[in-house]
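Peer 1: have a look at this prediction, sequence included:
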Amino acid sequence: MDIIISNSSSSPIYEQITRQIKDQILQGELKAGDALPSMRMLAKELRISLITTKRAYEELERDGFIETVPGKGCFVSEKNTEFLREEQLRQVEGFLQQAAEAARRCSLSLDELREMLEILYNEG
(Lines give C-alpha, C1' and ligand atoms only; values in the text may rest on other atoms or scores of the structure.)
Protein backbone atom coordinates (compact mmCIF):
# COMPACT_ATOMS: atom_id res chain seq x y z
CA MET A 1 0.00 0.00 0.00
CA ASP A 2 1.55 3.25 -1.15
CA ILE A 3 0.75 6.43 0.74
CA ILE A 4 2.49 9.70 0.00
CA ILE A 5 2.30 12.50 2.54
CA SER A 6 2.74 16.07 1.36
CA ASN A 7 3.85 18.63 3.91
CA SER A 8 2.91 21.39 1.47
CA SER A 9 -0.72 20.20 1.21
CA SER A 10 -3.42 22.25 2.88
CA SER A 11 -5.09 18.99 3.99
CA PRO A 12 -4.18 17.54 7.38
CA ILE A 13 -2.06 14.38 7.26
CA TYR A 14 -4.86 12.12 8.54
CA GLU A 15 -7.09 13.35 5.68
CA GLN A 16 -4.33 12.65 3.14
CA ILE A 17 -4.06 9.08 4.46
CA THR A 18 -7.83 8.61 4.52
CA ARG A 19 -8.28 9.93 0.97
CA GLN A 20 -5.48 7.79 -0.47
CA ILE A 21 -6.75 4.59 1.18
CA LYS A 22 -10.32 5.34 0.01
CA ASP A 23 -9.04 5.93 -3.52
CA GLN A 24 -7.12 2.64 -3.48
CA ILE A 25 -10.27 0.81 -2.35
CA LEU A 26 -12.49 2.54 -4.92
CA GLN A 27 -10.00 1.78 -7.71
CA GLY A 28 -9.78 -1.88 -6.69
CA GLU A 29 -6.13 -1.75 -5.65
CA LEU A 30 -7.22 -2.78 -2.15
CA LYS A 31 -9.88 -5.48 -2.11
CA ALA A 32 -12.38 -6.67 0.49
CA GLY A 33 -10.56 -8.66 3.16
CA ASP A 34 -7.13 -7.17 2.47
CA ALA A 35 -5.24 -6.38 5.65
CA LEU A 36 -4.01 -2.85 6.26
CA PRO A 37 -0.73 -2.19 8.03
CA SER A 38 -1.09 -1.81 11.77
CA MET A 39 -1.48 1.75 12.99
CA ARG A 40 1.97 1.56 14.59
CA MET A 41 3.58 0.17 11.44
CA LEU A 42 1.99 2.83 9.22
CA ALA A 43 3.00 5.59 11.64
CA LYS A 44 6.57 4.29 11.63
CA GLU A 45 6.72 3.96 7.82
CA LEU A 46 5.32 7.46 7.26
CA ARG A 47 7.28 8.94 10.19
CA ILE A 48 4.18 10.43 11.73
CA SER A 49 2.36 10.25 15.04
CA LEU A 50 0.44 7.12 16.00
CA ILE A 51 -2.45 9.43 16.91
CA THR A 52 -2.59 10.61 13.27
CA THR A 53 -2.84 7.07 11.86
CA LYS A 54 -5.41 6.18 14.54
CA ARG A 55 -7.58 9.12 13.48
CA ALA A 56 -7.29 8.14 9.79
CA TYR A 57 -8.30 4.53 10.53
CA GLU A 58 -11.19 5.69 12.73
CA GLU A 59 -12.51 7.87 9.87
CA LEU A 60 -12.18 4.99 7.40
CA GLU A 61 -14.04 2.68 9.76
CA ARG A 62 -16.75 5.27 10.43
CA ASP A 63 -17.25 5.67 6.67
CA GLY A 64 -17.51 1.89 6.20
CA PHE A 65 -14.30 1.39 4.24
CA ILE A 66 -12.48 -0.74 6.81
CA GLU A 67 -13.34 -3.00 9.74
CA THR A 68 -11.28 -3.58 12.85
CA VAL A 69 -11.07 -7.13 14.14
CA PRO A 70 -9.88 -7.09 17.76
CA GLY A 71 -6.54 -8.85 18.09
CA LYS A 72 -6.17 -9.29 14.33
CA GLY A 73 -6.03 -5.80 12.80
CA CYS A 74 -7.81 -3.65 10.25
CA PHE A 75 -9.20 -5.03 7.01
CA VAL A 76 -10.92 -3.62 3.94
CA SER A 77 -14.68 -4.03 4.40
CA GLU A 78 -16.89 -6.04 2.14
CA LYS A 79 -17.96 -3.63 -0.54
CA ASN A 80 -21.17 -1.81 0.14
CA THR A 81 -21.89 -1.05 -3.51
CA GLU A 82 -24.40 1.70 -2.82
CA PHE A 83 -22.01 3.46 -0.47
CA LEU A 84 -19.08 3.13 -2.87
CA ARG A 85 -21.20 4.47 -5.73
CA GLU A 86 -22.23 7.43 -3.59
CA GLU A 87 -18.57 8.13 -2.77
CA GLN A 88 -17.67 7.99 -6.46
CA LEU A 89 -20.57 10.32 -7.32
CA ARG A 90 -19.27 12.80 -4.74
CA GLN A 91 -15.86 12.70 -6.40
CA VAL A 92 -17.35 13.28 -9.85
CA GLU A 93 -19.45 16.17 -8.53
CA GLY A 94 -16.33 17.75 -7.06
CA PHE A 95 -14.45 17.49 -10.35
CA LEU A 96 -17.42 18.84 -12.29
CA GLN A 97 -17.72 21.75 -9.85
CA GLN A 98 -14.07 22.62 -10.50
CA ALA A 99 -14.64 22.33 -14.26
CA ALA A 100 -17.74 24.55 -14.11
CA GLU A 101 -15.85 27.20 -12.14
CA ALA A 102 -12.94 27.12 -14.60
CA ALA A 103 -15.38 27.35 -17.54
CA ARG A 104 -17.07 30.41 -16.03
CA ARG A 105 -13.69 32.08 -15.44
CA CYS A 106 -12.80 31.80 -19.11
CA SER A 107 -16.32 32.64 -20.35
CA LEU A 108 -16.94 29.17 -21.79
CA SER A 109 -20.65 28.69 -22.51
CA LEU A 110 -22.63 25.80 -21.05
CA ASP A 111 -23.08 24.35 -24.54
CA GLU A 112 -19.31 24.47 -25.16
CA LEU A 113 -18.70 22.81 -21.79
CA ARG A 114 -21.26 20.07 -22.58
CA GLU A 115 -19.64 19.48 -25.97
CA MET A 116 -16.21 19.23 -24.37
CA LEU A 117 -17.52 16.78 -21.74
CA GLU A 118 -19.20 14.63 -24.41
CA ILE A 119 -15.96 14.44 -26.39
CA LEU A 120 -13.92 13.54 -23.32
CA TYR A 121 -16.50 11.01 -22.10
CA ASN A 122 -16.72 9.26 -25.47
CA GLU A 123 -12.92 9.09 -25.86
CA GLY A 124 -12.37 7.21 -22.63
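Peer 2: Thanks, I have it.

Peer 1: tell me how far stretch 96-113 is from the chain's mean position?
Peer 2: A distance of 25 Å separates the centroid of the chain from that of stretch 96-113, by C-alpha atoms, centre = their mean, to the nearest Å.

Peer 1: what's the end-to-end length of that stretch?
Peer 2: For stretch 96-113, the first-to-last residue distance is 10 Å (C-alpha to C-alpha, to the nearest Å).

Peer 1: which residue ranges of this protein form helices?
Peer 2: 13-26, 39-46, 50-62, 81-105, 110-123 (DSSP state H).

Peer 1: who are the packing partners of the helix or strand of the chain with the lowest mean pLDDT?
Peer 2: Ranked by mean pLDDT, DSSP states H and E, the weakest helix or strand in the chain is helix 81-105, scoring a mean of 88. When contacts are defined as 3 or more C-beta pairs under 8 Å, 6 or more residues apart in numbering; DSSP states H and E, helix 81-105 packs onto helix 13-26, helix 110-123. Bear in mind the C-beta positions are built from the backbone N, C-alpha and C, glycine included.

Peer 1: out of the ones you listed, deepest packed?
Peer 2: Each of these was assessed for mean neighbour count using mean count of other C-beta atoms under 10 Å. The highest is helix 13-26, with a mean of 19.
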